[in-house]
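1. no sequence on this one, just coordinates:
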Ligand code: SAM
Ligand code: SF4
């Protein structure tokens, strides 16, 4: 029986995308061929997300469609990987008859063995969580490109009351600094121009000797033309040491994703977020002093249990105080097994939706105003690709994570750093005129590039 071709679809966050590359690395080392064509595959994996209910519903829907492929190919193995595998193992076996294989985050090394079990007609199941697994010895399978992710912290110890992640990804653990720096070095040698260091709470990175600021410095030193980004930061663990390091190294990006979740101290306490709004705003103020031009994005949840109208307005108020450049905004979704699940989900759906709409509208207005204020300024953009809409234009990003569209110029290649002048802006996109290629990447907005 041919067991060679594996097709993987990935859902959810950047960490899942990075996990898929680790899984593909494991499969590649074991002689499997990776395919982008589901119809010709022998194994179909869905790498799943459980953070909100709608993410899981999408997977159930997708399984319905993929299950049909088994009618033509009864030997097809279908597997669920990641968060849903961990959270719903028994349900999946009982209710989703088409599923042959279920593998959680810490058992990916077993996938080749479990595929063999599935081919023999048994269910292949690996859902044990580990306190030590980091996959740091596995070379992720990456296509050539400019941007790569490296998971530097796995799991989460924060236990925010609404969140399934500590249950699906297990306890926090960090990869060794040497393995991360070596990986950054290899990516630089392959021509990558940007690396994003990932963790659910990346600021609590510790390999016993080095903290996250130490790790950033070590990565920044590998190649001054390789940008380093990181996500996600928890407000409790974001140190001034880290802010000074970002300010000092030109290739550490001037952008921090700092989820606030709510503008009310009472709600934050119920969420077990372990900081107050005063503390949060203090970080923003210090970061803006220490890192000129730094931008922020955030995550916000609307309609957490017992959230009052006044508390919702406090969230809008924090947004207007911070003036985020971007935000990921969600309606609260009760997740079984979490502490918040035991609280009554008492905010009616239409109230959650209305509050979310107000949050989204306000964010769009803020981002539009910020971006309008950038018209006439100059910045440095890493040219990442052709624009989705036209190959007459390039699309790139600033250190501050702003998307910039610029015309294709004869001497400019994808992967170049170019200086641009912004002439137009929407809430999501800046439009720039090409000024010159810069061979040394410099940090702050409006710097004059020699
Ligand atoms: N570790 C990150 C942090 O601390 O913010 C993010 C992890 S989570 C995968 C991404 C975002 O999903 C969270 O910041 C939160 O806003 C949102 N989220 C998590 N659980 C949720 C839930 N039960 N309902 C709605 N949104 C949720
Ligand atoms: Fe979930 Fe909170 Fe951990 Fe983020 S910090 S993954 S929201 S428990």
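-> Okay, I see it. For clarity, every value in this text was computed on a predicted model and none was experimentally measured. Residues are numbered from 1 along each chain as shown. Ligands and ions are numbered 1, 2, ... in the order given.

2. Please, which helix or strand holds residue 396?
-> Taking DSSP states H and E as the definition, one finds residue 396 inside strand 393-398.

3. same deal with residue 435?
-> Short version, using DSSP H and E: residue 435 is in strand 429-437.

4. Mind listing what's buried along stretch 342-358?
-> Residues of stretch 342-358 classed as buried by neighbour count (16 or more other C-beta atoms under 10 Å): 347, 351, 352, 355, 356. Heads up, the C-betas are built off the backbone N, CA and C, glycines and all.

5. Grab the nearest non-local neighbour of the closest residue to ligand 2 within the stretch 251-400 of the chain.
-> As assessed by C-beta to the nearest ligand atom, ligand 2 sits closest to residue 259 within the stretch 251-400 of the chain, at 7.0 Å. With sequence-adjacent residues excluded and distances taken as C-beta to C-beta, 6 or more residues apart in numbering, residue 259 is closest to residue 299, at 3.6 Å.

6. Stretch 12-27 near ligand 2 at all?
-> No: Stretch 12-27 lies out of reach of ligand 2 by C-beta under 6 Å from any ligand atom, never closer than 9.4 Å.

7. okay, the angle between the strand holding residue 435 and strand 393-398?
-> Angle between the axes of strand 429-437 and strand 393-398 is 90 degrees (criterion: axes from the mean of the first three to the mean of the last three C-alpha atoms, to 10 degrees).

8. how many neighbours does the residue nearest to residue 259 have?
-> For residue 299, the count of nearby residues is 14 (other C-beta atoms under 10 Å).

9. Could you do residue 419 as well?
-> If you count neighbours by other C-beta under 10 Å, residue 419 ends up with 18.

10. My guess is it contacts residue 412. True?
-> No: with contact defined as C-beta atoms under 8 Å, residue 419 does not reach residue 412; the gap is 10.9 Å.

11. got a list of contacts for the least confident helix or strand in the chain by mean pLDDT?
-> Within the chain, no helix or strand scores below helix 83-95, which has a mean of 86 by mean pLDDT, DSSP states H and E. Here helix 83-95 makes contact (C-beta atoms under 8 Å, 6 or more residues apart in numbering) with 12, 16, 48-51, 56, 59, 80, 99, 102-105, 123, 125, 127, 129, 164-165, 167-169, 336-337.

12. from the residues you listed, which ones fall inside helices?
-> 16, 56, 59, 165, 167, 168, 169 (DSSP state H).

13. List only those of the residues you listed flagged as buried.
-> Using 16+ other C-beta under 10 Å, the buried ones in these are 16, 56, 59, 165, 167, 168, 169.

14. Closest one of those residues to ligand 1?
-> Using C-beta to the nearest ligand atom, these come closest to ligand 1 at residue 165, 5.6 Å.

15. Pretty sure that closest one sits against residue 51.
-> Yes: counting by C-beta under 8 Å, residue 165 touches residue 51, with 7.1 Å between them.

16. circling back to that earlier point, please enumerate the shared neighbours of residue 419 and residue 412.
-> Counting by C-beta under 8 Å, 6+ apart, the residues touching both residue 419 and residue 412 are residue 437.

17. distance of residue 87 from residue 11?
-> 13 Å (C-beta to C-beta, to the nearest Å).

18. my guess is the residue of the stretch 251-400 of the chain closest to ligand 2 is in a helix, correct?
-> No: counting by DSSP: H, G, I helix; E, B strand; the rest coil, residue 259 is located in no helix; its state is coil.

19. and it, what is it in contact with?
-> Residue 259 neighbours (C-beta under 8 Å, 6+ apart): 232, 233, 234, 235, 298, 299, 300.

20. for residue 157, same thing?
-> 166, 171, 172, 201, 204.

21. got a markdown table for the residues you listed, with secondary structure too?
-> What follows is the contacts of residue 157, written out as a markdown table (three-state DSSP):
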| residue | secondary structure |
| --- | --- |
| 166 | helix |
| 171 | coil |
| 172 | coil |
| 201 | coil |
| 204 | helix |
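
22. can you give me the helices for the stretch 251-400 of the chain?
-> Along the stretch 251-400 of the chain, the stretches classed as helices by DSSP state H, counting those that start in this stretch are 265-270, 277-290, 309-322, 349-372.
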